[in-house]
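>>> Quick one, what's the 3D model for this:
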Amino acid sequence: MASLDIVNSIWGKKHNQGLFRELKIMLLSANVVINDAEEKQIWNTNVRAWLHERQAAVYDAEDFVQVINTEALRCKIEAQYGSSSSSSHHQVLKLFTMNTTFNEQVESKMREIIDTLKLILDQKVHLGLKEGTVQTISSKRLPATSSVEESGDYGRDEDKKAFIELLLLTTDKGNSDNFSAIPIVDMGGIGKTTLAQLVYNDERVKNCFGFKAWVSVSNEFDIFKITKIITERVTNSQTFHNSHDLDLLQVRLQEALEGRKFLLILDDVWNEDYFEWEELKKPFQSGACGSKIIVTTRNESVASVRNNNIPSYQMQTLSDENCWKLFVKHAFNDADPYAHSKLVEIGSQIVKKCKGLLLAVKSLGSILRYQLSLEEWETVLKSDM
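This is a model prediction of the structure:
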């Protein structure tokens with residue numbers, strides 16, 4: 001957030017500080033139910049839609065705050081150096097219409113964003129979303145590993161092919177680093193980690209990179225922990241097990257990666273701090289040109305701090321046909337589903353309600369595993385998914 005003093009100096013209106021604080025509170029409030037919503041969106045399409053609306057509103061608010069930060073920085077620089085240049089000012093102003101002053105545009109836009117966030121947050125009560133600390137996100141789930149599930153490639157052939165081409169063909173020309181970071185960004189449960197696993201274990205990928213490592217990051221973006229895991233993998237040594245010296249780890253990792261083409265997977269990343277990313281990537285600079293880092297995340301703003309002009313990869317939604325194959329594997333234990341024709345009819349309707357969400361298909365299939373009661377299946381079908 002821009003400092004309130006700078007914002008006030010831009011606007012010249014004390015009451016706008018209150019609006020800015022209100023916006024900050026709205027953004028924090030939009031996060032306190034995210035943990036519960038991420039869990040419930042697997043079953044509840046209304047919660048899934050709410051998450052999309054919330055995400056769009058938060059992105060809009062974050063873009064707006066960035067405009068304020070830019071204008072605040074411009075004012076600070078001009079005050080310090082007496083610059084008369086208006087190019088940066090024009091760059092900011094073009095985001096707004098030009099028929100009113102910047103200050104009026106800021107206030108109007110802020111009120112619009114706050115009203116939108118209020119409307120979205122009011123819906124959380126009707127959806128039964130419970131508040132919790134943002135830090136608990138993903139804390140209850142086991143970290144994903146590089147091992148791919150047997151059914152992982154259901155309907156992912158096109159995604160796998162497209163992403164491997166992107167991975168192997170993308171060059172680092174014009175990039176200040178020897179490596180590129182390629183984000184896979186989408187909502188929870190869509191199959192980002194599964195795609196990363198498929199790519200990580202592909203023979204062409206194995207042959208292209210001299211070294212690979214998988215790190216499940218989740219909510220805790222611990223630079224020391226991540227660096228330690230990668231260092232132990234690349235050196236094939238546990239000698240750093242009791243080390244608490246980040247500098248030692250970074251130096252050793254930099255030496256181990258010298259001239260080597262590497263592939264790193266950072267799975268389930270939530271951290272949006274640009275400076276922490278800059279600190280983490282220091283040892284990677286010694287790697288050979290063409291090295292890659294794949295980042296899976298639910299948040300586009302996480303991908304944006306990677307700063308190498310490579311667009312995020314957006315996954316395709318699973319078709320009903322592939323969702324059905326996956327559902328059969330989990331619900332019928334790969335047995336012939338048509339031995340239970342009535343269950344097949346209900347199951348196909350359940351699959352359609354999942355709308356291509358891989359995690360929802362697997363979860364519902366697992367719940368119905370070995371359940372041959374029509375009543376049980378109809379209960380799941382009629383539930384508010």
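>>> and the one helix or strand A56 maps to, average pLDDT?
According to DSSP states H and E, A56 maps onto helix 45-81. Mean per-residue pLDDT for helix 45-81: 69.
>>> do the same with stretch 356-375
Confidence over stretch 356-375, taken as the mean pLDDT, stands at 83.
>>> centre of the chain versus it, how much separation?
Relative to its chain's centre, stretch 356-375 lies at 26 Å (Cα atoms, centre = their mean, to the nearest Å).
>>> Buried residues in it, which are they?
Residues of stretch 356-375 classed as buried by neighbour count (16 or more other Cβ atoms under 10 Å): 356-365, 368. C-beta coordinates here come from the backbone N, C-alpha and C atoms, glycine included.
>>> now swap in stretch 40-58 and tell me
Using 16+ other Cβ under 10 Å as the burial criterion, the residues of stretch 40-58 that qualify are 40-44, 47-48, 50-51, 54-55, 57-58.
>>> okay but Q250 is in contact with F284, surely?
No - here Q250 does not reach F284: they are 9.9 Å apart, not a contact under Cβ atoms under 8 Å.
>>> For D157, the count of nearby residues, please.
11 (other Cβ atoms under 10 Å).
>>> same question, the one 5 residues further on
Per other Cβ under 10 Å, the neighbour tally for A162 reads 14.
>>> So it versus I182, what's the distance?
When distances are taken as Cβ to Cβ, to the nearest Å, A162 and I182 turn out to be 12 Å apart.
>>> so what sits against both of these two?
When contacts are counted by Cβ atoms under 8 Å, 6 or more residues apart in numbering, A162 and I182 are jointly contacted by Y313.
>>> which among the buried residues of stretch 40-58 gets closest to S301?
Lowest distance from S301 to these (Cβ to Cβ) belongs to V58, with 8.5 Å.
>>> neighbouring contacts of whichever strand or helix holds S341?
The secondary structure element spanning S341 is helix 341-353 (assigned by DSSP H and E). Outside of helix 341-353, the residues within contact range by Cβ under 8 Å, 6+ apart are 45, 320, 323-324, 327-328, 331, 337-338, 361, 364, 368, 372, 374, 377-378, 380-381, 385.
>>> And that helix, how far out from the chain middle?
Per Cα atoms, centre = their mean, the displacement of helix 341-353 from the mean C-alpha position of its chain is 31 Å.
>>> so the following helix or strand past it versus helix 341-353, what angle?
In the C-terminal direction, the helix or strand that comes right after helix 341-353 (DSSP H and E) is helix 358-367. Using axes from the mean of the first three to the mean of the last three Cα atoms, to 10 degrees, the direction of helix 358-367 lies 150 degrees away from that of helix 341-353.
>>> Check which element follows helix 358-367 along the chain.
helix 374-382.
>>> Show me what counts as buried in that following helix.
Within helix 374-382, the residues that qualify as buried by neighbour count (16+ other Cβ under 10 Å) are 377, 380.
>>> could you show me where the strands are in the stretch 51-200 of the chain, in order?
All strands of the stretch 51-200 of the chain, identified by DSSP state E, counting those that start in this stretch, fall at 179-185.
>>> so what's A331 closest to, chain neighbours aside?
Using Cβ to Cβ, 6 or more residues apart in numbering and skipping the chain neighbours, the partner closest in space to A331 is G365 (4.0 Å).
>>> Show me how this protein divides into domains.
Segmentation of the chain into domains, based on automatic domain parsing, reads 4-131, 150-304, 320-382.
>>> Redo those as JSON lines? Include distance to I310.
Shown next, in JSON lines, are those (distance: least, Cβ to Cβ, whole Å):
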{"stretch": "domain 4-131", "distance to I310": "19"}
{"stretch": "domain 150-304", "distance to I310": "6"}
{"stretch": "domain 320-382", "distance to I310": "24"}
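>>> Which one, of the ones you listed, ends up nearest to P143?
It is, among those and with distance given as Cβ to Cβ, domain 150-304, at 3.4 Å.
>>> thinking again about what came up before, which one of the buried residues of stretch 356-375 is nearest to C208?
Checking the buried residues of stretch 356-375 against C208 by Cβ to Cβ gives L358 as the nearest, at 26.6 Å.
>>> how much space between the residue lying closest to the closest one once chain neighbours are set aside and G259?
Leaving aside its chain neighbours, L358 sits nearest to G191 (4.2 Å; criterion: Cβ to Cβ, 6+ apart). From G191 across to G259, the span is 35 Å (Cβ to Cβ).
>>> These two: which has the busier surroundings?
More crowded of G191 and G259, by other Cβ under 10 Å: G191, with 27 against 10.
>>> Name all residues that make contact with the more buried one.
If a contact means Cβ under 8 Å, 6+ apart, then G191 has 156, 159, 315, 318, 358-359 as its contacts.
>>> and the gap between it and M315?
Following Cβ to Cβ, the distance that separates G191 from M315 is 6 Å.
>>> cool, H330 as well?
Counting by Cβ to Cβ, the separation of H330 from M315 is 20 Å.
>>> So these two - more neighbours on which side?
Using other Cβ under 10 Å as the criterion, H330 and M315 rank with M315 on top: 21 against 18.
>>> Phi and psi next, for the more buried one.
When read as degrees, to the nearest 10, the backbone of M315 gives phi -80, psi 150.
>>> Can you get me a residue count around the residue nearest to it when sequence neighbours are not counted?
In this structure, M315 finds its nearest non-sequential neighbour in D186, 5.1 Å apart by Cβ to Cβ, 6+ apart. The local packing count at D186 equals 20, with neighbours defined by other Cβ under 10 Å.
>>> same check, this time on Q238
8.
>>> Leaving out chain neighbours, which residue sits closest to S319?
Taking Cβ to Cβ, 6+ apart as the measure, S319 lies nearest to G155, with 5.9 Å between them; neighbours along the chain are not counted.
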